[in-house]
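A.B. asks: Build the 3D model from these lines:
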Amino acid sequence: MKNFNRNHKDSVFVDLFAKDITAKENFVSLYNALHKTNLDPQTTEIKPVMLENVLYMSYYNDISMLIDGKIVVLIEHQSTVNQNMPFRFLEYIARVYEKITSEEDRFGRKLIKLPIPEFYVFYNGTEDFPLEKELKLSDAFFNKEKIENKKNTLEITVKIININIEKDNPILHQCKPLKQYSDFINQVRLCIKEDVENPFTTAINLSIKNGILSDYLKRKSTEIRNMLFGEYDYDYDTDIRVQRREAFEDGVEEGISQGISQGAEQKAIETAKNLLSMSLSLEDISKATGLPLNQVEKLAQECKNQK
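C.D. replies: Below is the predicted model of the structure:
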């Protein structure tokens, strides 16, 4: 499927805390909750330093901001926590430092003053996960028990914070935008689980009715609906790369390109069938999966005949 590639898409999390007109206020509120500070969003300077194609390939789900002498990198994660996050953050912060410094300064003798890096993952998945957990780069080192001098060893620590509503993490009560975001994602999941018609639209309408991110959702309902399509249909590029690598490692070089393409198309078909069961429009399913509209129409007829 040559036309299967997607442009990068923002997640709702990134839009709410980094790009919307309320993003600065929301981000400062989140920073205050993390640091027990009381910065004023009206007077606090923040600067986005986000990068592409480092933490995720298919859509933007990371936020990187210069604030209060720090670079704070945040991501929201709705699937299984990746144990390699410290390594990804290491690559990320190296590129950020390169972005915010000049080549002349990097090779000069004078000490470059760098903002302090901090790394957070907000876990919002469905698996059972502790309230908080830390991942360290050193966990991946060979023979880490043989490290004699930790002061001379590079370390990256990532703090994972579970923001699922049922976990009732204290940070949710300290940051209203984060609490309402978690409420909204929970509503989205309930609508999908209950197999309601047009689950994303229904979740948006119910959240507005219940006062959850109501102003934000009223302003951007169509955009947010499209973001949700992107988020819940996200893993294709990753799957293709994994299949390609595994096929190569197994020595199956002949026909790799054809096999990967077929695998991606089959995954798109399976996703389309799942979305059809949610009573979404054929046009929306075509956009979400990258399948041609006539192919989605054919799948819809096949599903109808099987009932």
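A.B. asks: Spell out the residue ranges of the strands in the chain.
C.D. replies: 9-10, 46-48, 59-60, 62-67, 70-77, 116-123, 132-136, 157-162 (DSSP state E).
A.B. asks: average pLDDT across the third one?
C.D. replies: Spelled out, it's strand 59-60. The average pLDDT for strand 59-60 rounds to 50.
A.B. asks: Please apply the same query to the fifth one.
C.D. replies: For strand 70-77, the per-residue pLDDT values average out at 91.
A.B. asks: which other helices and strands contact that strand?
C.D. replies: helix 23-35, strand 62-67, helix 85-100, strand 116-123 (3 or more CB pairs under 8 Å, 6 or more residues apart in numbering; DSSP states H and E). Where C-beta positions appear, they are placed from N, C-alpha and C, glycine not excepted.
A.B. asks: 6 Å - rerun?
C.D. replies: strand 62-67, strand 116-123 (3 or more CB pairs under 6 Å, 6 or more residues apart in numbering; DSSP states H and E).
A.B. asks: re earlier: including mean neighbour count, could the strands of the chain go into CSV?
C.D. replies: Listed next are those as CSV, based on neighbours: other CB atoms under 10 Å:
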stretch, mean neighbour count
strand 9-10, 18
strand 46-48, 14
strand 59-60, 21
strand 62-67, 22
strand 70-77, 22
strand 116-123, 20
strand 132-136, 15
strand 157-162, 19
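A.B. asks: coming back round to it: make JSON lines out of the helices and strands packed on strand 70-77 and add distance to Lys167.
C.D. replies: JSON lines is the format used below for these (distance: least, CB to CB, whole Å):
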{"stretch": "strand 62-67", "distance to Lys167": "21"}
{"stretch": "strand 116-123", "distance to Lys167": "9"}
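A.B. asks: Am I right that Ile93 is in contact with Ile116?
C.D. replies: No - with contacts counted by CB atoms under 6 Å, Ile93 stays clear of Ile116, the gap being 10.4 Å.
A.B. asks: Ser281 - nearest residue in space that isn't next to it in sequence?
C.D. replies: Asn198 (7.9 Å; CB to CB, 6 or more residues apart in numbering).
A.B. asks: before we move on, could you check phi and psi at that neighbour?
C.D. replies: phi 50, psi 70 (degrees, to the nearest 10).
A.B. asks: I'd like the numbering to begin with 7 instead of 1 from here.
C.D. replies: Taking 7 as the first residue, the last one we looked at is Asn204.
A.B. asks: What count of nearby residues applies to it?
C.D. replies: 16 (other CB atoms under 10 Å).
A.B. asks: Tell me how far it lies from Ile191.
C.D. replies: Note on Asn204: its distance to Ile191, by CB to CB, to the nearest Å, is 17 Å.
A.B. asks: Ile169 now?
C.D. replies: Plainly put, Ile169 is 9 Å away from Ile191 if you go by CB to CB.
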